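Enquirer: need a 3D model of the sequence below.
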Amino acid sequence: MTSFWTGERVRLRAIEPEDWTALRRFAEDEERLGDVLHPPRSAEGHRARAQEQSAAAPDDDRFSLAVEDLGTGEMVGALGSHHADRRAGCFDDGVTIGAAHRRKGYAAEAVTLLLRFMFTEQRYHKCAARVFASNEPSLTLHHRLGFTEEGRLREHVYLAGRHQDLVMMGLPAREFAVIDTAGGG
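Expert: Below is the predicted model of the structure:
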């Protein structure tokens, strides 16, 4: 039997201390592509973050995982479950894939593995995604995975020198089950 955390191209695994260089690269990619902007962090800051994440236990179904290419063993991205509310049965997903590895199916497969876990094993009812309106690749990814736009918070985030909309997307477990069974996920 293949691991629950392994797909055709990726394996989701815990973040290890040595992943700090990949995490730094992803942060630089996000800034360069206009996805998010934070003050510069030192190499030691990235090391400390990776060390902290590698030692952290899941916090009420909120966690971060590395997305690893099965063929090369390289960390190509990171994925997480955020804002998990067990009582309401809802959580948010978050995924980043390094610029050199985008548009190769890693994000779709990683998010699908996360959704399977959260819906089938943890019994969550719904996944939400908060996507910058300017992030067409992420909007396309989530639509392709079956998410529906549920709302738009106008001029809600400030990024790249201007206010922009934040698109609220959602996917209930029952809709994912139909898509996943049909081979669409």
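
Enquirer: ranges for the helices of the protein?
Expert: 20-32, 43-55, 106-116, 136-144, 173-181 (DSSP state H).

Enquirer: please identify the most buried of the ones you listed.
Expert: helix 106-116 (a mean of 22; mean count of other CB atoms under 10 Å). Yep, even glycine has a C-beta here, placed from its N, CA and C like the rest.

Enquirer: name the residues that touch it?
Expert: The contact list for helix 106-116 (CB atoms under 8 Å, 6 or more residues apart in numbering) reads 4-5, 7-10, 12, 65, 67, 69, 76-77, 79, 81, 93, 95, 97, 127, 141, 144-145, 171, 176, 180, 185.

Enquirer: and these, which of them are buried?
Expert: Buried members of these, counted by 16 or more other CB atoms under 10 Å: 5, 7, 9-10, 12, 65, 67, 69, 76-77, 79, 81, 93, 95, 97, 127, 141, 145, 171, 176, 180, 185.

Enquirer: low-scoring stretches of the protein, by residue?
Expert: Low-confidence segments of the chain (pLDDT under 70): 1, 32-38, 182-185.

Enquirer: kindly recompute the last result at 50.
Expert: Residue ranges of the chain with pLDDT under 50: 1.

Enquirer: for Arg62, give me its contacts.
Expert: Residues in contact with Arg62 (CB under 8 Å, 6+ apart) are Gly80, Ser81, His82, His83, Ala84, Phe91.
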